[in-house]
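Chemist: Sequence below, structure please.
(chains A and B)
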Amino acid sequence: MNDILVNEIKSIGNFSGEDIELFFSFLEESFIAKGDHFLTEGQVSHHVAYITSGLTMHYEVHDGVEIPRAFRIENQWIGALKNFGNREPADSTIKALEDTRLLRISATNLQKAFQLQPKLIALKDHYTELSFIKNMQHGSDLAMLNAKQRYYKFMRESPDVINRVPQYYIAAYLGIKPQSLSRLRKEK
Amino acid sequence: MINKLINDIKKIDNFSDEEIDQFFSYLTEGFIAKGDHFLKLGEVSHHVAFITSGLGMHYKMHDGIEIPIDFTPQGEWLAYLKSFASGEPADMAIKTLEDTHFLKLSAAKMQELFQWQPKFMALKNFYAELSFMSNAEHTADLAILNGKQRYYKFMQEKPDLLNRVPQYYIAAYLGIKPQSLSRLRNEK
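Modeler: A predicted model of the protein is given here:
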């Protein structure tokens, strides 16, 4: 069992050793090479996954350009909730920006786990909330801050992401023109 | 609206009538007059509320201006999970734009409910996901679409809100200058 994930689960709720073992019994190891997809557009999303190493990007293609919606690194979960398990094709896409190792669980098995131990729903709810809060923050930054403020905030809050993601993705994520981002980087 | 709530509950899991009655026994009726607050900036959020009539708005203050982050009409849940989940003071406020009636549930009662029947966590997760998805969509729009596209999309998808929310809030929500919004409205 992944120790970091076990400790995190223990901090989320009052789970017994058996609850945690039950949950882990449904996780399977998986690997995505850099540049490959966890989920492609139009596919139905069958899995959510915990990143043990690597980095992924949720994105949408707009006018032929990949616009990142979220970056996820080790010890975070990835998934496309909108399509997860409900058989609707995905309107966003997830790919790996580094070789990425995962512990994944299928929608079917997640439901099984919840039936066997409904308390485990708290895990999904916890991680949904985390992603929701993060997204809301990013949205309000896009609405309220100017390009320079957004960039500085991102530098401050996600220093580990900034050096691992190509600059044009960071620019697109922050809604900044690539030229403006270069200028901001030189200003530092 | 109560019927919508009951239907949502039945969709999520196989709850018995007794369980649904029990759920409703945890809710209490509440009312907030137009312009008053459900959650003030810096307060800790202790409640979530299902709106039976009216309209709520999440907003942040920026340079002395209220920037709406989300609108919540009847039939949806009003909550600020970031504060509700963590017990931290809210960095965002919620006020009503209309006289608003709701059924509220306190954090303590929610914990009681979850201990009694953990399956109800799936209900909370269902609504958290819905809000998350709609918020993620708005965030993506802010990063990807231009002012005109955002306004047309809002008109198309939320015609109801268009007539209930003051124009300056819609402009700020969409990250458009009020003058640009007037121009877009005249173009129609």
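Chemist: which residues are contacting stretch B:103-115?
Modeler: A:122, B:5, B:22-24, B:26-30, B:46-50, B:52, B:84, B:120-121, B:124 (Cβ atoms under 8 Å, 6 or more residues apart in numbering or on different chains). Every C-beta, even on glycine, is put in place using the N, C-alpha and C of the backbone.
Chemist: helices and strands around the helix or strand bottoming out on mean pLDDT in chain B, which ones?
Modeler: Across the helices and strands of chain B, mean pLDDT, DSSP states H and E gives its lowest value to helix B:178-187, namely a mean of 87. Packing contacts for helix B:178-187, counted by 3 or more Cβ pairs under 8 Å, 6 or more residues apart in numbering or on different chains; DSSP states H and E, involve helix B:147-157, helix B:167-173.
Chemist: For it, buried residues please.
Modeler: B:181, B:184 (16 or more other Cβ atoms under 10 Å in any protein chain shown).
Chemist: so it versus helix B:147-157, what angle?
Modeler: 60 degrees (axes from the mean of the first three to the mean of the last three Cα atoms, to 10 degrees).
Chemist: which of the contacts of stretch B:103-115 are buried?
Modeler: Buried subset of the contacts of stretch B:103-115 (neighbour count, 16+ other Cβ under 10 Å): A:122, B:5, B:23, B:26-27, B:30, B:47-50, B:52, B:84, B:120-121, B:124.
Chemist: Which ones among these map onto helices?
Modeler: Among the buried ones among the contacts of stretch B:103-115, the ones falling in helices (DSSP state H) are A:122, B:5, B:23, B:84, B:120, B:121, B:124.
Chemist: correct me, but the second one touches residue B:50?
Modeler: Yes: in this structure residue B:5 lies within contact range of residue B:50 using Cβ atoms under 8 Å: 5.8 Å.
Chemist: need the contact list for residue A:165.
Modeler: Per Cβ under 8 Å, 6+ apart, neighbours of residue A:165: A:55, A:57, A:68, A:71, A:97.
Chemist: for those residues, which one is nearest chain B?
Modeler: Distance from chain B was checked for each of these by Cβ to the nearest Cβ. The minimum falls on residue A:68, at 8.4 Å.
Chemist: Buried residues, the helix or strand where the closest one lies. List them.
Modeler: Following DSSP states H and E, one finds residue A:68 within strand A:65-73. Residues of strand A:65-73 classed as buried by neighbour count (16+ other Cβ under 10 Å): A:67, A:68, A:69, A:70, A:71, A:72, A:73.
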